[in-house]
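>>> how would this look folded up:
(4 chains)
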Protein chains: 4
Amino acid sequence: METIDVAVLGATGTVGQKFITLLEGHPYFRVRELVASDQSAGKPYAEACKWKQDRPIPESVATTIVKSTQEPLESLLLFSGLDSSVAGEAETAYAEQGHLVVSNSKNHRMDPTVPLVVPEINASHLALIEQQPFEGAIVTNPNCSTIFLVMALAPLHRAFGLDAVQVTTMQAISGAGYPGVSGMDIMGNVIPYISGEEEKVEEESLKILGDLDGSMVRHAELGVSATCTRVPVLDGHTETVSFKLSSPAGIDDVRAALDDFRGPPQHRGLPSAPERPILMLDAPDRPQPARDIWLEDGMATMVGRLRECPVLDYRMVVLGHNTVRGAAGASILNAETLVSEGYLANGRLHRGGRAAQHEEPVSSCCS
Amino acid sequence: METIDVAVLGATGTVGQKFITLLEGHPYFRVRELVASDQSAGKPYAEACKWKQDRPIPESVATTIVKSTQEPLESLLLFSGLDSSVAGEAETAYAEQGHLVVSNSKNHRMDPTVPLVVPEINASHLALIEQQPFEGAIVTNPNCSTIFLVMALAPLHRAFGLDAVQVTTMQAISGAGYPGVSGMDIMGNVIPYISGEEEKVEEESLKILGDLDGSMVRHAELGVSATCTRVPVLDGHTETVSFKLSSPAGIDDVRAALDDFRGPPQHRGLPSAPERPILMLDAPDRPQPARDIWLEDGMATMVGRLRECPVLDYRMVVLGHNTVRGAAGASILNAETLVSEGYLANGRLHRGGRAAQHEEPVSSCCS
Amino acid sequence: METIDVAVLGATGTVGQKFITLLEGHPYFRVRELVASDQSAGKPYAEACKWKQDRPIPESVATTIVKSTQEPLESLLLFSGLDSSVAGEAETAYAEQGHLVVSNSKNHRMDPTVPLVVPEINASHLALIEQQPFEGAIVTNPNCSTIFLVMALAPLHRAFGLDAVQVTTMQAISGAGYPGVSGMDIMGNVIPYISGEEEKVEEESLKILGDLDGSMVRHAELGVSATCTRVPVLDGHTETVSFKLSSPAGIDDVRAALDDFRGPPQHRGLPSAPERPILMLDAPDRPQPARDIWLEDGMATMVGRLRECPVLDYRMVVLGHNTVRGAAGASILNAETLVSEGYLANGRLHRGGRAAQHEEPVSSCCS
Amino acid sequence: METIDVAVLGATGTVGQKFITLLEGHPYFRVRELVASDQSAGKPYAEACKWKQDRPIPESVATTIVKSTQEPLESLLLFSGLDSSVAGEAETAYAEQGHLVVSNSKNHRMDPTVPLVVPEINASHLALIEQQPFEGAIVTNPNCSTIFLVMALAPLHRAFGLDAVQVTTMQAISGAGYPGVSGMDIMGNVIPYISGEEEKVEEESLKILGDLDGSMVRHAELGVSATCTRVPVLDGHTETVSFKLSSPAGIDDVRAALDDFRGPPQHRGLPSAPERPILMLDAPDRPQPARDIWLEDGMATMVGRLRECPVLDYRMVVLGHNTVRGAAGASILNAETLVSEGYLANGRLHRGGRAAQHEEPVSSCCS
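Next up is the predicted model:
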């Protein structure tokens, strides 16, 4: 398979840096262009960026000259970690120019024609992009708290149906970017509020668990109640979850549904796919963010403490790596899925997926 | 009013130290005897104890010789912060000897004849002690997570009835005593399990909200589901709570019920009583343990983020100081209530309260 | 004594908030005016300010309308917590208008005619203000790391002379203001560098320990080497210090010099003066920021672990509360000293102190 | 090269676990025997051990039955992470039985015939084992704070001579083992004392920098002053260091000496050797424990902020991974050095190294 050149939008930010780190040595994708704000544009990346990752800046990227969002891009595939203050308009503009924007930003997630995808769950929603009024397309992944919740709910929703879900999140500070949360606010403290977060968890979950019905997604119908808090943890979102099933199921069946869950990324062996999307941990005091987030290279969702709930049916504790599977890694797995489904082949975007590869007119972009 | 001499049981432990700190300069009680394990017995308190409080050891206590649990005590009133491994038998023995044991330990809380009291809520349960087969008596207060939950629920239970409650706690490490939680386990981490804690929250709440029916407490009937976690916070338990009312109520009525809640400690102006047992905080990101636990000298329950819940009826965030109102302070307020209700007067225990003062035979204890 | 109205400059900042907190109920001073940036000006203080103190905003101050630095002030005495980006020009302008500016900002500390004062050590330097070319005057206190170092050194310098000092600071994050240090940078980390801090410690110490020689301060001559680091501590700067004396002294004499140290604030019983400016702690593992900073209401310097040094003569560990004695509290004690020395009397500034009260022409300012 | 079977002593402790983790897949050594306290003996390792490492227990080790210190061992080479309360006698007994004990424990470090080795610096000291009165031998590595200090000093000592060194350490909590430091003591705090630590740093450094003179080590003569503190960091010891050279040198020469430093492990390409033992970091605010300890797989010593010192000649900040290069990794590199120097060959210990392989009588042990 030919290597696909990609651009990273918002390359100097926290998510952008994670894209660059995770894409180093990627078997499909090669980072060729970097886009950031005007004040970074024109500088070599290593100079423009306040690098905050554990590993040093990849050499191939360190000297790349950063482009502004006004400059045309050669790469067909763009990974977007743009700040939400600019992502809305910028991503639309790129899609209009023919690019395939695979975005971690929140702006377009709830647009009716934009797929909000967790490929283990709803890869079929990618077909929505045929409805988009662009030469190119926009594909999104959910918020970093939504993804672990919905991953743990999807097998239950599929097997038994779901009536109601209660979740309390205890979110890591890396989810707020850099500089993000002040040390004065978070050291030895819990902040029981994250602006806009609860709405995202409650709304995005319903779209992801929804059914593709022709040209639209019919959102799932269940009550989701989220309380989102920030705790003094560097990486890893922990979530306590209670849920009510639509049809009765024993705890062993619930456990088996979670344990056996696999999706297209696993079936196709995509490079960033965790071998098992959900890891059940047996120890009574797990999962823990400081100990378990790097299982499956940060791409798995860990579930522990599955037990009966005196109010709903069952409850459990869910954990995931918020900046890997919860952000950049989610976008990368989405892009791998797009490739595996034929949306991206031979240097072109095929808006109808594999089936459409021979029928579609050639995209005029990026020439 | 005459000063009442008291003993502190488990005086060298975390709760014992808090008893001593909070009782310094108390208008009713004077710490006269200290009881600890055999290895501490016979030593001056300052030498036996690894003091961990902010303020220095009160001078009057520093030189007191620690007694063992085998030695007879002169004080009628005993505050117990005994470790649960010994509290069960020891407290029973003291009660048999005629002492009034006001205990923070878990061992006797669920005994049918032992009052489990939060005096704003169920001071009437103190009458249970008449059922106890002792010369003396045992009175308990709830677990440090239970008390803030039940304080925030009691006014709602009273006004509207309660069908179901979901709570996730984020508990401070001081709740585990000293040395308690290893720094290796908790720094930058969340531990989603505390042994035995969820059972306590779920069971104790029903007893406290229950009705005294003749010689027994009929436990409240509602579903309580608790998930208890430990977070890197020094003092202050934060709880996210969702609840379903038995009869419909608007959010303003719910808020008013919480805001207006007062109980006997407030009506009688007891020395340790918070002026308002529940403080409603309006800022969207409060209450926070690092900022709000010392309101009302650590004796209040803070409630914030009251809003509708998509699954149950409403949800809120609850906070309290776990080693003050959640432990030693709770016992002290119970003892003040006992005094104010006439259970303790003229150096004697009146097991029927004020009404019984003139009818009861004189207790033979402590002579 | 008549209450003196004062203004707080930079009132919405971290130091400004501390001024307001510490001045509440002050026996000399009453906060009457508040000055902040143009975007805060015109608003009630409670609205303009993101209040971060433990205690709520004093009621008397909450509704005060914030003034801009361009507006004239009625108060003669101004406490300055202005950001260093504006303090230089603004403080000069206020002094030219006849105000007495008692400042915690760094800008004027090293000006030859500006006293840099720790009143236990060099209250005599206040006489420098006669050299200032203003109607009013500027008086400063040192950096938050300098003050604890120099407090522990002053008695040794006086008794034995000092040749050399090595200090490593471990500074709390509150020293960087709000939002200050990112949680992403400091959680579980040490940052071994604070911009400009080492120079301040090295230079300011020499001025404070210097001698007033007529119209100037002759700086002390000793080598001071400082390495300044930031650690995950909320409040309290810890410093490890080694020093070489000019004339030999036994460890008991060194200890006695520290223990016996008193200065004018103690002799005059000034309201904010610690009873003992230096507290020697005997436990081998003290002082500790989480346990000891509130001794003497945050105004003392704690010294522990005094012992011989294999390289210089002795070494010790020094601690103090960086936002109390290290900032706002230092300025307030300076102001109290100014009052006690007659620089401020009968609503006027007497630039020559008490001796000059009857000779000086009346200041024309603030009429 | 043949794989060498080894035993890990103190296998269930913090250092023992690190040995097992670092030895997984090692090209020379294979963990075959595990020794722990009597209460662990007889159990499979996975059951006896409270595993605290990031990675799961290696499968090959999980089912190994733990032996007690009384049972004879088959492995010639023993890695010791024994607790210092038992290491002294146990290690001597193993050496008497003919084993080569490569130990991280402190007990024998300062014995005149026991090499205290950092192989980049003083591999020649291994010859000391010929002086030991055992069939076998004991080889030790220094304390976790000593090793990074002495690594940064050795090139300077060699090139310019050293007269004096001042160091303040800020040590991670993992250095205290598990459970080790209570969360109640260290969260948001600095503990300015670690029992016995300063003596170790001051004494061990002189032995390591000393010269082998016939059958003994002549300790280096320079003043070393250490102040050791504990900070809320999980892994990584940071040290601020000032030093005085014996002969003058410019800062560029000092930097070059550090940067160019290499030793036998580098020349021989030993498996655990860092490519460069000292990494100079240029950023003004580095090295930082949360960011830099994993450079060179945790085996390097990071140096930053090299600059002149107003009291001694120069100062710098030094950092290293305390449980890797500071403990188990140090022992493993010592063992690799022993192999590379011929002390261990063909299943036998050659107490005179390579030169002696053909002359020595065959050791009777372990046959």
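>>> What parts of chain A come near chain D?
A:54, A:187, A:188, A:291, A:294 (Cβ under 8 Å from any Cβ of the partner chain). Just so you know, the C-beta spots here come from the backbone N, C-alpha and C atoms, and that holds for glycine as well.
>>> Rebuild those residues as JSON lines, extending it with pLDDT.
Shown next, in JSON lines, are the residues of chain A next to chain D (pLDDT from 0 to 100):
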{"residue": "A:54", "pLDDT": "76"}
{"residue": "A:187", "pLDDT": "97"}
{"residue": "A:188", "pLDDT": "97"}
{"residue": "A:291", "pLDDT": "93"}
{"residue": "A:294", "pLDDT": "94"}
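>>> so which of those also contact chain B?
Near chain B, judged by Cβ under 8 Å from any Cβ, the entries from those are A:187, A:188, A:291.
>>> re earlier: which ones among the residues of chain A next to chain D map onto helices?
Judged by DSSP state H, those include residue A:291 as members of helices.
>>> By neighbours, which of the residues of chain A next to chain D wins?
Using other Cβ atoms under 10 Å in any protein chain shown as the neighbour criterion, residue A:187 leads these with 25 neighbours.
>>> ok now do residue A:322, which residues does it touch?
Residue A:322 makes contact with A:144, A:145, A:171, A:172, A:174, A:175, A:235, A:236, A:237 under the criterion Cβ atoms under 8 Å, 6 or more residues apart in numbering or on different chains.
>>> Next: residue A:333.
Counting by Cβ under 8 Å, 6+ apart, residue A:333 touches A:119, A:265, A:270, A:272, A:273, A:299.
>>> repeat that for 6 Å
The contact partners of residue A:333, by Cβ atoms under 6 Å, 6 or more residues apart in numbering or on different chains, come to A:119, A:265, A:272.
>>> Now the closest residue to the second one other than its chain neighbours: which helix or strand?
Leaving out its chain neighbours, the residue that sits closest to residue A:265 by Cβ to Cβ, 6 or more residues apart in numbering or on different chains is residue A:273, at 3.5 Å. Element membership of residue A:273 [criterion: DSSP states H and E] is none; it lies in no helix or strand.
>>> number of nearby residues for residue A:273?
Counted with other Cβ under 10 Å, the neighbours of residue A:273 add up to 24.
>>> what about it, distance to chain C?
Using Cβ to the nearest Cβ, to the nearest Å, residue A:273 is found at 29 Å from chain C.
>>> ok, residue A:5 touching residue A:31?
No. If you go by Cβ atoms under 6 Å, residue A:5 and residue A:31 don't touch, sitting 8.1 Å apart.
>>> Those two: which has the busier surroundings?
Neighbour tally, residue A:5 and residue A:31, criterion other Cβ under 10 Å: the higher count belongs to residue A:31, 22 against 17.
>>> quick one: the helices in the stretch 51-200 of chain A?
Applying DSSP state H, counting those that start in this stretch to the stretch 51-200 of chain A gives helices spanning A:59-62, A:84-96, A:119-122, A:144-160, A:183-186, A:197-208.
>>> what does the fourth one rub up against?
Counting by Cβ under 6 Å, 6+ apart, the neighbours of helix A:144-160 from elsewhere in the structure are A:118, A:121, A:162, A:167, A:169, A:175, A:201, A:204-205, A:208-209, A:237, A:239, A:245, A:247, A:249, A:257-258, A:261, A:301, A:303, A:318, A:320, A:322, A:326-327, A:330.
>>> How about the secondary structure of the residue of chain A most remote from its centre?
Residue farthest from the centre of chain A, counting by Cα atoms, centre = their mean, is residue A:310 at 32.6 Å. With DSSP: H, G, I helix; E, B strand; the rest coil as the basis, residue A:310 sits in coil.
>>> who touches it in this structure?
Listed by Cβ under 6 Å, 6+ apart, the contact set of residue A:310 reads B:223, B:225.
>>> swap the cut-off to 8 Å and go again
B:202, B:223, B:224, B:225.
>>> Check these and tell me the two furthest apart.
Maximum pairwise distance in the contacts of residue A:310, criterion Cβ to Cβ, is 8.9 Å, between B:202 and B:223.
>>> Next SSE downstream of whichever helix or strand residue A:30 is part of?
Using DSSP H and E, residue A:30 maps to strand A:29-35. Later in the chain than strand A:29-35, the nearest helix or strand by DSSP H and E is helix A:45-48.
>>> Run through who's touching that next one.
A:11-12, A:34, A:36, A:40-41, A:57, A:61-66.
>>> near chain C too, which of the residues you listed?
Of those, not one also sits near chain C (Cβ under 8 Å from any Cβ).
>>> Which of the three states applies to the residue nearest to the spatial centre of chain A?
Closest to where the C-alpha atoms of chain A average out (Cα atoms, centre = their mean) is residue A:330, at 3.3 Å. Secondary structure assignment for residue A:330 (three-state DSSP): helix.
>>> Could you check the pLDDT of the residue nearest to it when sequence neighbours are not counted?
Excluding its sequence neighbours, the residue lying closest to residue A:330 (Cβ to Cβ, 6+ apart) is residue A:141, at 3.8 Å. pLDDT for residue A:141: 98.
>>> so residue A:141 touches residue A:335, yeah?
No. Counting by Cβ atoms under 8 Å, residue A:141 does not reach residue A:335; the two are 10.0 Å apart.
>>> okay, and the common contacts of those two?
Jointly contacting residue A:141 and residue A:335 under the rule Cβ under 8 Å, 6+ apart are residue A:102.
>>> Residue A:263 and residue C:182: what is the separation?
Distance from residue A:263 to residue C:182, counting by Cβ to Cβ, to the nearest Å: 36 Å.
>>> pretty sure residue A:209 contacts residue A:121?
Yes. Between residue A:209 and residue A:121 there is a contact at 7.3 Å, judged by Cβ under 8 Å.
>>> List the contacts of residue A:125.
Contact analysis of residue A:125 by Cβ under 8 Å, 6+ apart lists A:115, A:116, A:117, A:208, A:212, A:217.
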